[in-house]
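# here you go, sequence then predicted model.
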Amino acid sequence: MKFAQIIDFETERIDEVRELLRAYEERVRSAGRTGAPASRTLLKDRANPGRYLAVVQFESHDAAMANSDAPETSELAQQLSALMSRPTVYTDCDIVDHQRLS
């Protein structure tokens, strides 16, 4: 079953966050590591400036857990935490249904 993690965070340094994410994703792609995220969507909360949600999708829960255990993921989490205004909240979800509507 496909799996998604929703990462709820606040920052005033979103450009730095985005650059760290891009660099991480490039490293993971070039390494060809299994269990890497299949996709990522970054959402900005219109009602709460500085609040963002990242939706990261994986092929399975096992792939997500392997990704969490990877050293580069731990390094990314440390770097990102230095840019946050509050502790990050993680929500783990099984994807029950997903439809492309266009």
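In hand now; what should we look at?
# next, work out how far apart the residue nearest the centre of the chain and Q78 are.
In the chain, the residue lying closest to the centroid (C-alpha atoms, centre = their mean) is V56, at 4.5 Å. Counting by C-beta to C-beta, to the nearest Å, the separation of V56 from Q78 is 17 Å. Just so you know, the C-beta spots here come from the backbone N, C-alpha and C atoms, and that holds for glycine as well.
# so what strands line up beside whichever helix or strand the residue nearest to the centre of the chain is part of?
Taking DSSP states H and E as the definition, one finds V56 inside strand 51-58. Applying DSSP bridges, strand 51-58 is found paired with strand 3-10 (antiparallel), strand 39-44 (antiparallel).
# out of these, which one sits most buried?
Neighbour counts (mean count of other C-beta atoms under 10 Å) averaged over each of these peak at strand 3-10, with a mean of 18.
# tell me the angle the helix or strand just after that one makes with strand 3-10.
Using DSSP H and E, the helix or strand that follows strand 3-10 in sequence is helix 14-31. If you take axes from the mean of the first three to the mean of the last three C-alpha atoms, to 10 degrees, helix 14-31 sits at 150 degrees to strand 3-10.
# what residues of helix 14-31 count as buried?
For helix 14-31, the buried set under the neighbour-count rule, 16 or more other C-beta atoms under 10 Å, comprises 17, 20-21, 24, 28.
# tell me what it is packed against?
The contact analysis (3 or more C-beta pairs under 8 Å, 6 or more residues apart in numbering; DSSP states H and E) places helix 14-31 against strand 39-44, strand 51-58, helix 71-81.
# residues contacting the helix or strand that the longest one is followed by, please?
The C-terminal neighbour of helix 71-81 among helices and strands, as given by DSSP H and E, is strand 89-94. Residues external to strand 89-94 that are found in contact with it (C-beta atoms under 8 Å, 6 or more residues apart in numbering): 1-9, 61, 64.
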